[in-house]
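**Student:** whatever this is, show me its structure:
(one chain, ligands or ions: 1)
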Amino acid sequence: MNILLTGAAGYIGSHVARLLQQSGHEVFGADDLSTGFATRFDGKIEHVDLASADAVEALKAVFLANQIEAVVHLAARKQVGESVQKPEWYYLQNIGGLANLLTAMRETRVQKLLFSSSAAVYGMPEAQIITEDIHCQPINPYGETKLIGEWMVADAGKAWGLNHVSLRYFNVAGAGWEDLADTAVANLIPIAFAAIRAGEPVRVFGDDYPTDDGSCVRDYIHVLDLAEAHKSALEYLDQANREHSVFNVGTGTGASVFEVLAAIKEQTGVDFEVSIEPRRAGDPPKLCADVNRIQSTLNWQAENDLESIVASAWLAK
Ligand SMILES: NC(=O)c1ccc[n+]([C@@H]2O[C@H](COP(=O)([O-])OP(=O)(O)OC[C@H]3O[C@@H](n4cnc5c(N)ncnc54)[C@H](O)[C@@H]3O)[C@@H](O)[C@H]2O)c1
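**Tutor:** Sure, this is the predicted structure:
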């Protein structure tokens, strides 16, 4: 199948692209290279800011020239803190970019879309194991843009028959190939690696949460497992009757910050100091995916454990 992948030069996009290419798909990229690197993607990249005035025409030209049948939409701004500082820009980028993409798809009759959503749509739920059906209450503009994005693709489904699936990723980490590291230093594992490499203590925000060891528990999903989930979701889009359009992508089991740090010590053989800091606002004690829906509907489940996530992340550049 001919697929356009937005955000193809990014951390997750480059994994999804490579896996789809290895499975025989023809993948075209679209990316403004603001946080991505063109070297991560082996193929043609359309350099375009999806939120810009030129985006609709540029995308339509790519769709028509390459007989694109499906779009995997990962391009987005994803820094929670930045989204709180610059909410209007996040709306312009993430919502404006998606509106342009949907317009171009509608006008060229590209009917399949996989949308990259996030566990950030859930906010601070009371439940610790989260099913897709709980009420979504994002607590920052980043999460809001993801929830609105889900609504936009669902509305396009109703209005002009778009076939869509939204994948709510939990904490993505690791590397499937050594040249595809997560360079953003925004999540626990890259942040810990940066501190270790700088010879500084790794900061832990809160050790008095109501969890087994007092630190926050999250659901870490290997980026290669996540890429496999995209493959399964694309196949699902081809089915005539689809019961669901939103899926959690996680492992269903969480790891605490201290467990992640212990895995890092074990896998890297490097000892390091830890500094305990006050809790951060907006961090729930535990957030894990209920993965029953994706397992039973897409026949997908995560294969990699925390050790392989940490070891692969450490080796990647
Ligand atoms: N990394 C995670 O843990 C995580 C968790 C949940 C959801 N997500 C989502 O996954 C997607 C990919 O995230 P990532 O971690 O690979 O981030 P990334 O920053 O590495 O990749 C995003 C890519 O999109 C491009 N991009 C951003 N805005 C663009 C725009 N307006 N026009 C064109 N290109 C643009 C960037 O240059 C980059 O290559 C995002 O939608 C993000 O919200 C990520």
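**Student:** okay, and the beta partners of residue 47?
**Tutor:** residue 31 (DSSP bridges).
**Student:** was I right about it contacting residue 33?
**Tutor:** Yes. The criterion here is C-beta atoms under 8 Å, and residue 47 meets it with residue 33 at 6.5 Å. For glycine as for every other residue, the C-beta is placed from the backbone atoms N, C-alpha and C.
**Student:** who in the chain is up against the ligand?
**Tutor:** 7, 9-13, 31-36, 49-51, 74-78, 93, 97, 116, 118, 169, 171-172, 184, 187 (C-beta under 6 Å from any ligand atom).
**Student:** list only those of the residues you listed flagged as buried.
**Tutor:** Neighbour-count burial (16 or more other C-beta atoms under 10 Å) applied to those gives 7, 9-13, 31-32, 35-36, 49-51, 74-78, 93, 97, 116, 118, 169, 171-172, 187.
**Student:** could you pull out the helices for the stretch 51-200 of the chain?
**Tutor:** 55-65, 80-85, 87-90, 97-108, 141-160, 188-197 (DSSP state H, counting those that start in this stretch).
**Student:** which residues does the most centrally placed residue in the chain contact?
**Tutor:** In the chain, the residue lying closest to the centroid (C-alpha atoms, centre = their mean) is residue 169, at 5.0 Å. Counting by C-beta atoms under 8 Å, 6 or more residues apart in numbering, residue 169 touches 12, 116-119, 221, 226, 249-250.
**Student:** mind redoing it with 7 Å?
**Tutor:** 116, 118-119, 221, 226, 249 (C-beta atoms under 7 Å, 6 or more residues apart in numbering).
**Student:** before we move on, what about residue 118?
**Tutor:** Going by C-beta under 7 Å, 6+ apart, the list of residues near residue 118 reads 143, 146, 168-169.
**Student:** can you check residue 113 too?
**Tutor:** So residue 113 contacts 71, 73, 105, 153, 162, 164 (C-beta under 7 Å, 6+ apart).
**Student:** at 10 Å what do you get?
**Tutor:** 4, 70-73, 98, 101-102, 105, 152-153, 156-157, 162-166, 237 (C-beta atoms under 10 Å, 6 or more residues apart in numbering).
**Student:** what of residue 240?
**Tutor:** Applying C-beta under 10 Å, 6+ apart, the residues near residue 240 are residue 163.
**Student:** just residue 190 next, same as before
**Tutor:** 11, 173, 181-184, 313, 316.
**Student:** kindly report the same for residue 22.
**Tutor:** Contacts of residue 22 (C-beta under 10 Å, 6+ apart): 227, 231.
**Student:** re earlier: show me just the buried residues among the contacts of residue 113.
**Tutor:** So, by 16+ other C-beta under 10 Å, the buried ones in those are 4, 70-73, 98, 101-102, 105, 152-153, 156-157, 162-166, 237.
**Student:** on that earlier part again, among the contacts of residue 118, find me the one that's closest to residue 195.
**Tutor:** Within the contacts of residue 118, proximity to residue 195 (C-beta to C-beta) peaks at residue 169, which comes in at 24.1 Å.
**Student:** and the contacts of residue 169, which two are the farthest apart?
**Tutor:** Longest span within those, C-beta to C-beta: 116 and 221, 13.0 Å.
**Student:** which residues are common contacts for those two?
**Tutor:** What both residue 116 and residue 221 touch, as defined by C-beta under 10 Å, 6+ apart, is the set 169, 249.
**Student:** domain parsing for this structure?
**Tutor:** Annotated domains of the chain cover 2-172+220-249, 173-219+251-315 [automatic domain parsing].
**Student:** output those in CSV; the columns should cover mean pLDDT.
**Tutor:** Formatted as CSV, the domains of the chain follow (pLDDT from 0 to 100):
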stretch, mean pLDDT
domain 2-172+220-249, 97
domain 173-219+251-315, 96
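**Student:** so which of the ones you listed is the most surrounded?
**Tutor:** domain 2-172+220-249 (a mean of 20; mean count of other C-beta atoms under 10 Å).
**Student:** how long is that one from one end to the other?
**Tutor:** 24 Å (C-alpha to C-alpha, to the nearest Å).
**Student:** same question for stretch 265-272.
**Tutor:** 8 Å.
**Student:** distance to residue 270 added to the helices of the stretch 51-200 of the chain, as a markdown table?
**Tutor:** Listed next are the helices of the stretch 51-200 of the chain as a markdown table, based on distance: least, C-beta to C-beta, whole Å:
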| stretch | distance to residue 270 |
| --- | --- |
| helix 55-65 | 44 |
| helix 80-85 | 28 |
| helix 87-90 | 36 |
| helix 97-108 | 39 |
| helix 141-160 | 32 |
| helix 188-197 | 6 |
